[in-house]
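Pasting the sequence and the predicted coordinates here, then a few questions.
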Amino acid sequence: MMLSPRLQTLVRFGLVGVLGFLVDATVLHLLVSFCGLGLLAARACSFLCAATTTWAANRIFTFTAVPRLGRALLAEWAAYFVASLGGGLVNYLVFAAAIHLSDRLHDFPTIAVAIGTLAGMVFNFLMYSKYVFRPLN
């Protein structure tokens, strides 16, 4: 069965989201376990790492059909990061609420990361497809 181009893009976006989640959760774990950072500070750092990873992966895997001639990489990354802030804010607030409302999630923050990640995905997809990975005029 052949998927429509839009559905193919959504599937690729979801796969990149899984990669971003893995980077986010791994960096969070390392910063908390080995560097002694608190969960909220570590999450801010892990989000930056995950956002940079997903920008690169979305650029080369998800939104490959979008011509980007003339757009500087740093400008595209900056646009991606700004677009990520809305979804990242949703993601972070859901994560923070989860670890504060549940002792179990505080003890297992990877689950809270997953909940936050899912909460921000729809917003991010819309922002990326409309404002970041769009054809230049």
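Here it is on my side, so go on.

Which helix or which strand is home to the residue most central in space within the chain?
In the chain, the centroid-proximal residue (Cα atoms, centre = their mean) is Ala51; its distance is 4.9 Å. Here Ala51 sits within helix 39-57, counting by DSSP states H and E.

if I pick Thr54, what's in contact with it?
Contacts here follow Cβ atoms under 8 Å, 6 or more residues apart in numbering; on that basis Thr54 touches 16-17, 19-20, 23, 84. Any C-beta I mention is one placed from the backbone N, CA and C, and that applies to glycine too.

can you do 6 Å?
Contact partners of Thr54, counting by Cβ atoms under 6 Å, 6 or more residues apart in numbering, are 16, 20.

now it: how far from Asp107?
27 Å (Cβ to Cβ, to the nearest Å).

Give me the distance between stretch 32-45 and the centre of its chain.
18 Å (Cα atoms, centre = their mean, to the nearest Å).

what's the answer for stretch 14-30, then?
The chain centroid and the centroid of stretch 14-30 are separated by 8 Å, computed with Cα atoms, centre = their mean.

Over to stretch 79-93?
8 Å.

Could you do stretch 51-59 as well?
In terms of Cα atoms, centre = their mean, the centre of stretch 51-59 is found 8 Å from the chain centre.

Could you give the average pLDDT over that stretch?
Averaged across stretch 51-59, pLDDT comes to 94.

Output that stretch in CSV with nothing but the alpha carbons.
The C-alpha coordinates for stretch 51-59 follow below in CSV (Å, rounded to 0.1, in the frame of the first residue of the first chain):
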residue,chain,number,x,y,z
ALA,A,51,16.0,20.3,18.9
THR,A,52,19.4,20.5,17.1
THR,A,53,19.3,16.8,16.3
THR,A,54,15.7,16.9,15.0
TRP,A,55,16.5,20.0,12.9
ALA,A,56,19.3,18.1,11.1
ALA,A,57,17.2,14.9,10.8
ASN,A,58,14.1,16.7,9.6
ARG,A,59,16.2,18.7,7.1
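
picking that back up, got the contact list for the residue nearest to the centre of the chain?
Going by Cβ under 6 Å, 6+ apart, Ala51 touches 81, 84.

Quick check: it vs Met2, distance?
If you go by Cβ to Cβ, the gap between Ala51 and Met2 works out to 32 Å.
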